[in-house]
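# here is the input, now give the coordinates:
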Amino acid sequence: MKRCRYAGGIISITLILAFILNLTGCGRFESDKHLVKKEAEEIFRMLQDEDIEGLSAKFSKDSRKYHNIEMEWELFFKQLDGKLVSYSGISFPGEGTGVDKDGTVYESHYTVEFKNVKTDKGTVYQSFGYYLTRTDTKEPELEGIDVFSMKHPGTGEYVTVGGFSSEYEEELGRK
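This next block holds a predicted model:
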């Protein structure tokens, strides 16, 4: 009988710890990453459809303020060698959060990369993805995609849509 009581105690402690971790937000990051992956899959479908309006709406207010996102998407699609067909996976080579002293997340961001993006002409793009500010309670205008880029396999040059212009303006003292 003692054995069962100890097992019950261990289960109780485990449940309490899981509850505390959930309240502090430690479980939030995996949930957040799942949502980011789901959104990335939606964004890839928009890329396949060349849905410039839908893609542009995913950008932060800040990027839309400093860039002509629609025109940049038009130029981006002209640089592609064919229509996008597939990718082999999604990775998150960069991610981070800002947490205040109370443990509240005030900022979260991800670098989202589509691996081995193929076109209908057989061209494969190795570097193809975007930087996303998922949450920013201090500067909500930064929430959304900040910059989307691909490395052109023929020239090796990066083709980008959007950017971090407000930060550069501030650094140059022009804001």
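
# show me where the chain has its helices.
2-24, 28-49, 52-57, 61-66, 69-79, 165-171 (DSSP state H).

# which positions in stretch 136-146 come out as buried?
By neighbour count on 16 or more other Cβ atoms under 10 Å, the buried set for stretch 136-146 is 136, 142, 143, 144, 145, 146. (Each C-beta comes from the backbone N, C-alpha and C, glycine too.)

# could you tell me the least trusted of the helices of the chain?
Ranked by mean pLDDT, the helices of the chain end with helix 2-24 in last place, scoring a mean of 38.

# in stretch 89-96, what's buried?
90, 95.

# and for stretch 33-49?
The neighbour-count criterion (16+ other Cβ under 10 Å) identifies 33, 36, 39, 40, 43, 44, 46, 47 as the buried residues of stretch 33-49.

# columns distance to residue 155 on top of those residues, output as JSON lines?
Formatted as JSON lines, the entries for the buried residues of stretch 33-49 read as follows, by distance: Cβ to Cβ, whole Å:
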{"residue": "33", "distance to residue 155": "33"}
{"residue": "36", "distance to residue 155": "30"}
{"residue": "39", "distance to residue 155": "29"}
{"residue": "40", "distance to residue 155": "25"}
{"residue": "43", "distance to residue 155": "24"}
{"residue": "44", "distance to residue 155": "23"}
{"residue": "46", "distance to residue 155": "25"}
{"residue": "47", "distance to residue 155": "20"}
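
# ok, the residues you listed vs residue 107, which is closest?
Proximity of those to residue 107 was ranked by Cβ to Cβ; the top entry is residue 36 with 14.2 Å.

# and residue 36, how far from residue 43?
Using Cβ to Cβ, to the nearest Å, one obtains 10 Å as the distance from residue 36 to residue 43.

# repeat that for residue 65.
To residue 43, residue 65 is 21 Å away according to Cβ to Cβ.

# try residue 71
19 Å.

# cool, and residue 131?
Using Cβ to Cβ, we find residue 131 at a distance of 13 Å from residue 43.

# show the contacting residues for the closest residue to residue 52 other than its chain neighbours.
Closest residue to residue 52 in three dimensions, ignoring its sequence neighbours and counting by Cβ to Cβ, 6 or more residues apart in numbering: residue 73, at 4.4 Å. Going by Cβ atoms under 8 Å, 6 or more residues apart in numbering, residue 73 touches 50, 52, 55, 56, 161.

# same question for residue 45.
Neighbour list for residue 45: empty [criterion: Cβ under 8 Å, 6+ apart].

# any idea how far residue 138 is from it?
Taking Cβ to Cβ as the criterion, residue 45 is separated from residue 138 by 32 Å.
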